[in-house]
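Trainee: Pasting a predicted model and its sequence here:
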Amino acid sequence: MFAYFIRRVLATIPVVLMVALFVFSLLYLAPGDPAAIIAGDQATPDDVERIRSSLGLDRPFLVRFIEWLWNVVRGDLGVSIFTNLPVSHMIAQRIEPTLSLMCLTLFISLSLAIPMGVIAAWKHGTLIDRAVMMVAVFGFSTPVFVVGYLLAYIFALQLDWLPVQGFTSISQGLWPFLRNLLLPSIALGLIFMALIARITRATMLDVLSQDYVRTAKAKGVEQKTILFVHALKNAAVPIVTIVGIGFAALIGGAVVTESVFAIPGLGRLTVDAILRRDYPVIQGVVLLFSFNYVLVNLAVDLLYTVFDPRIRY
Amino acid sequence: MRRREFLRTTAGAAGLLTAPYVARAADARILRFVPQANLANLDPVWTTQYVVRNGALLIWDMLYGVDDKLEPRPQMVEGHEVSPDFRTWTFRLRPNLKFHDGEPVRSRDAVASIERWMARDSTMGLVIKKQLESLDVVDDRTFRFRLSAPYPKMLFALGKSSTPCLFVMPERIAKTDPFKQISEYVGSGPMRFNKNEWVPGSGAIFERFAGYEPRAEKANWLAGGKRINFDRIEWKILPDAATASGALQNGEVDWWEQPLPDLVPQLKKTAGVSVDIADPLGNIGSFRINHLHPPFNDVRARRAVQLALSQADYMRAVVGDDESLWKEVPGFFTPGTPLYTEQGGEPLKGERKYEAAKKLLAEAGYKGEPIVLLVATDVAITKAQGDVTADLLKKIGMNVRYTALDWGTVGQRRAKKEPPGEGGWNIFHTWHAGADCVNPAPYIALNASGGTAWFGWPKSDAVQSKIEAWYGAADLAAEKKVAGDLNQAAMDDVVYIPTGFFKGYQAWRNNVSGIVKAPFPVFWDVSKT
Amino acid sequence: MSASTIPGGDYTAAPELPNVLPEPKKRGKVMGFVYGHPTIVIGGTVVALMVLIAIFAPFLFTKDPTALAPARRTRAPSELYWFGTDMLGRDVYSRVLYGARVSLTVGFSVAFFAAIIGTAIGLVAGFMRRVDTVVMRVMDGLMSIPGILLAIALMALTRASMKNVIIAITITEFPRVCRLVRGVVLSLREQPYVEAAIASGTRTPVIIWKHILPNTLAPLMVQATFICASAMIAEATLSFLGAGTPPIIPSWGNIMAEGRALWQVKPYIVFFPAIFLSITVLAVNMLGDGLRDALDPRLAKRL
């Protein structure tokens, strides 16, 4: 099994490399000049040219790429063109909000969606089932920013229960932390909830029709036990898969959520960097995302063995 | 009824839970400020963004500072001597000036800072640099300029509030290549920058500098004693206006530098929030034309647009229905300042003349070639102007190619002199701070020297000769007369088309007092209860 | 990398869910279909309605959706302006109706192109083992960048235009199709009749045409429907973030992006396009659900 994971990790290197090259060339080809943004409205074309060359933006593509790659290998992600801060520092500053947002979103959506899916499967074909599925489809169909603004309007501005914006570190206390994150997590979690509720329902239906569940039923095992112990455990593999796949989507959603709720996370960092052409930052963040994707999938693989002892590597 | 009561109780309970948070926000020693834009870097010489200048005003002190008459007053300087021919300027620094690292401010710091600034300030610094024979350290508190030609406007240059300003940095920092960014933010201003807590795109923290000794006189804009009543000034970056407005209404922030005018009526209704004009000098919107390529290389085509352009449309699109915020300006100078004139502004006044415009266009030989309009869609003011322009050009029968870009790309594209079809452009929009349009010296958008002029490269000998004449004008009456002729010439040749004069609001919580109207946020003498 | 390693089945490939709806009861032909597949009927009707709105927008009492009237800006909904006017005085009703064109064009085009490209690459990957590894690695790479970020980066690369929006979203969506088709191909190749066809020397294109494609069609249609829905949301999101359809074109995302600063004071500017977008996406999703439920049993039997 250990050897398998080593192989898996090694196999991801070309993926990450390819992503790096892809993003780098994409940005190289992109129009828009960070030097012009820096120089500002009153600058002369001459100034812009000098700033560009001082940033090293006038050197050939391959030189810059190889240099960047070499630095990355040595653990140096470079320095932001705009802030003059190390990219790793900027990423580190913003990991906590994004990670918090994602964890809370995962927590909320899993703890709501799984029971929803189980109940829908149990009450299969009834009004409850349809209602759950309706909610799920609805969650799927409403853009995150619409939900976000709606929630902020009701709970922050009209009722004044929760703040409109911002992020408070968990080190400031649990409640201030939750206050700020609750609305964004719910907004972001809706899609995820829909996804998980559907897959839970579907796999539960599948499992419930299996022989061993029928046997358990016939033996008079309690309904709850059947649902949450026997059936759910077997439905766990596809659920975990969806959670893993959904992770990339979650990062995408976080971009929008962070900008609606003014959360200083990685998503906003990336969008701002793309719009300003802050190349080192974009490259660093995208690299981080692809590593993250690889890691999550490894974790998912590990979880399989926990949930399904039949699986061995 | 009952249900309502229940709701109210729940809300009250939730309110109780939030009490500690509110108590913290009420801390009178912390000011939470929402700036106009993200503070992405902090080198006020390297970049000319206003938001950087505004942050820098807290960290670095200046030799001279302007008051609300835009007159330079001594700030770090104790006094100066000038030779009768205005060619030798000697300055003496105040005693006891200290940098945040504890080092005293010496004249060599000032000299290094002046040298870095001169290299980057294209309006005044470069002029001095060209005439500079020497800039010497006389002793630790004294330095001296020797010029090859008289430069009577020296104090205006050293105290200019338009970017880049002359901030005094320690020599080791000021020695940085002016085209490279500094990475150490040590100044001698009233606040020091907390680099560790700086999260670009999210927030910046300034902490009180105990070693700062304010001047004795009362503060007036950038002049006088800069007394800070806070231990911390926290800048919160909220690019989304709706979010910022909500935060101010909820008391999560204390002061919002640039509220969206459309949200102001609601803010005015909100208990606990005050709203007022931010900057009496306002801004002038700009319809910038490329003079190098057809059809606008022909003055008749430029005049055609001038005849049809409705400043009211632009201003409503930019700032909204609130007519106290904007006015039509058939002139290039800032309304309400001495040189403002409407001489020659007739084409921009009265009914808009679409038919006459079409006729002029035809005379200029325009036959439906595409007009490349660069629109920076990420900047609200340029986006609104671009949308109006697209509509305007359509009305006078022009074939518009609306090119949606971000500001950075517009910045790159507008520098291209190639024909519009080959990566160049015909029109873009921006705006100029009213403080920069009070006279021809800082007003680079009015310069019409052709290839060396600002983007669009207008060439008009009439305009240039009037600008020369202004520099030589002996008194205000003479300046006014020249400004009138200059306005006329610039209108006739359509250097650019002003799209109107507009002001902005600022808004703050009622427990904050002492906020003044200025082209930049003035933090000194502001206090909070 | 992720899903393909799941033992016991490729969950992205044999997509979403197994058949769960009960077999339709036999009634009259039309009514029977309606009762058997309510989601298809409801979803289909709404989508058809939106298509009609998009096509006939000019005749539905609309004005020029781009005509400015700054003097009449931010008017509340009234008899004159059914959905009010935006901050440049444009008629929101007209903009929303014309906006249907953008959303539907982007949704349908992305679904179409993603299906075509994904199928082509998926077929190649499924049949040519050596290409397979490389292609799937590339797909993994593409999928490891969050779709919306990749799309923003692609939009930064090019000039804002509807064509570029379609291309950018297609690039983020087609790997899903590719995986699906490859999965179907791999499982079909194991089928006795396909093995027999290969053994008897039938040429690959013929096998693809006769055996593979017909069996791919059903899951492909379902997948394409979902892609259509997510492409519409992606377009709105891109426009909302200011990196999408050129602002001069009224799209639902653009209307919302322009109105978002005013949502506290003039909520209708955001409200109407949001409702239209949500309903349309909902309808497309329902259509997809219905199709899957209707198509799966036959698919299940054949596989």
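Mentor: Alright, I've got the coordinates.
Trainee: Correct me if wrong: residue C:112 contacts residue C:227.
Mentor: No - applying C-beta atoms under 8 Å, one finds residue C:112 not in contact with residue C:227, separated by 9.3 Å. In this view, the C-beta of every residue, glycine as well, is placed from N, C-alpha and C.
Trainee: More neighbours: which of these two?
Mentor: Comparing residue C:112 with residue C:227 by other C-beta atoms under 10 Å in any protein chain shown, the one with more neighbours is residue C:227, at 28 against 15.
Trainee: what residues does the stretch 201-303 of chain C put near chain B?
Mentor: C:242, C:246-248, C:260-266 (C-beta under 8 Å from any C-beta of the partner chain).
Trainee: ok, so of those residues, who is nearest residue B:349?
Mentor: Proximity of these to residue B:349, judged by C-beta to C-beta, is greatest for residue C:248, which lies at 29.3 Å.
Trainee: Give me the distance between the closest one and residue B:413.
Mentor: 17 Å (C-beta to C-beta, to the nearest Å).
Trainee: between those two, who's got more neighbours?
Mentor: residue B:413 (23 against 19).
Trainee: Could I get the contacting residues of the nearest residue to residue B:325 once chain neighbours are set aside?
Mentor: Closest residue in space to residue B:325, ignoring its immediate chain neighbours: residue B:319 at 4.8 Å, by C-beta to C-beta, 6 or more residues apart in numbering or on different chains. Taking C-beta atoms under 8 Å, 6 or more residues apart in numbering or on different chains, we find residue B:319 in contact with B:261, B:325-326, B:502-504.
Trainee: Sort out for me which of these are in strands.
Mentor: Secondary structure from DSSP state E places B:326, B:502 of the contacts of residue B:319 in strands.
Trainee: From the contacts of residue B:319, pick the one nearest chain C.
Mentor: Of all the contacts of residue B:319, chain C sits closest to residue B:261, with 10.0 Å by C-beta to the nearest C-beta.
Trainee: got a list of what that closest one touches?
Mentor: Here residue B:261 is in contact with B:319-320, B:322, B:325, B:504-505 (C-beta under 8 Å, 6+ apart).
Trainee: swap in residue A:132?
Mentor: Shown in contact with residue A:132 (C-beta under 8 Å, 6+ apart): A:116-117, A:119-120, A:197, A:201.
Trainee: Which strand or helix spans residue 287?
Mentor: Reading this off chain A. Following DSSP states H and E, one finds residue A:287 within helix A:279-307.
Trainee: not quite, I wanted chain B
Mentor: Element membership for residue B:287 (DSSP H and E) is strand B:283-289.
Trainee: likewise residue B:163?
Mentor: Counting by DSSP H and E, residue B:163 is found in no helix or strand.
Trainee: what's the distance between the residue nearest to it when sequence neighbours are not counted and chain C?
Mentor: Distances taken as C-beta to C-beta, 6+ apart put residue B:48 closest to residue B:163, at 4.0 Å, once the chain neighbours are dropped. With distances taken as C-beta to the nearest C-beta, to the nearest Å, residue B:48 is found 23 Å from chain C.
Trainee: phi, psi of the residue positioned nearest the centre of chain A?
Mentor: By C-alpha atoms, centre = their mean, the mean C-alpha position of chain A lies nearest to residue A:251, the distance being 2.7 Å. Main-chain torsions, residue A:251, degrees, to the nearest 10: phi -60, psi -40.
Trainee: And for the one 4 residues further on?
Mentor: Dihedral angles phi and psi of residue A:255 (degrees, to the nearest 10) take the values phi -50, psi -50.
Trainee: Just to check, it is in contact with residue C:148?
Mentor: Yes - Residue A:255 lies in contact with residue C:148 (C-beta under 8 Å); the separation is 5.8 Å.
Trainee: still on that earlier bit, show me the one in the contacts of residue B:261 that has more neighbours than the rest.
Mentor: Ranked by neighbour count (other C-beta under 10 Å), the contacts of residue B:261 have residue B:319 at the top, with 27 neighbours.
Trainee: Please report how far that residue lies from chain C.
Mentor: For residue B:319, the distance to chain C - C-beta to the nearest C-beta - is 10 Å.
Trainee: So for that residue, what pLDDT did the model give?
Mentor: Here the pLDDT value assigned to residue B:319 is 89.
Trainee: and the gap between it and chain A?
Mentor: Taking C-beta to the nearest C-beta, one finds residue B:319 at 19 Å from chain A.
Trainee: again with residue B:212
Mentor: On the measure of C-beta to the nearest C-beta, residue B:212 and chain A end up 25 Å apart.
Trainee: a strand runs through that residue, doesn't it?
Mentor: No - secondary structure of residue B:212 (DSSP: H, G, I helix; E, B strand; the rest coil): coil, not part of a strand.
Trainee: I'd like to know how far the closest residue to it other than its chain neighbours sits from residue B:233.
Mentor: Closest residue to residue B:212 apart from its sequence neighbours, by C-beta to C-beta, 6+ apart: residue B:190 at 4.6 Å. Per C-beta to C-beta, residue B:190 is found 10 Å from residue B:233.
Trainee: any shared contact partners between the two?
Mentor: residue B:58.
Trainee: confidence score at the residue nearest to residue C:262 when sequence neighbours are not counted?
Mentor: Excluding its sequence neighbours, the residue lying closest to residue C:262 (C-beta to C-beta, 6+ apart) is residue B:262, at 5.4 Å. The model reports residue B:262 with a pLDDT of 87.
Trainee: Verify the contact between residue B:262 and residue C:74 for me.
Mentor: Yes - using C-beta under 8 Å, residue B:262 is in contact with residue C:74, at 6.7 Å.
Trainee: who touches both of the two?
Mentor: B:320, C:87, C:262, C:266.
Trainee: Just give me the neighbour total for the last one.
Mentor: Translated: residue C:266. Every residue meeting other C-beta under 10 Å relative to residue C:266 is counted, giving 23.
Trainee: now the residue nearest to it when sequence neighbours are not counted, what's its secondary structure?
Mentor: Leaving aside its sequence neighbours, residue C:266 sits nearest to residue C:74 (C-beta to C-beta, 6+ apart; 5.3 Å). Three-state call for residue C:74 (three-state DSSP): coil.
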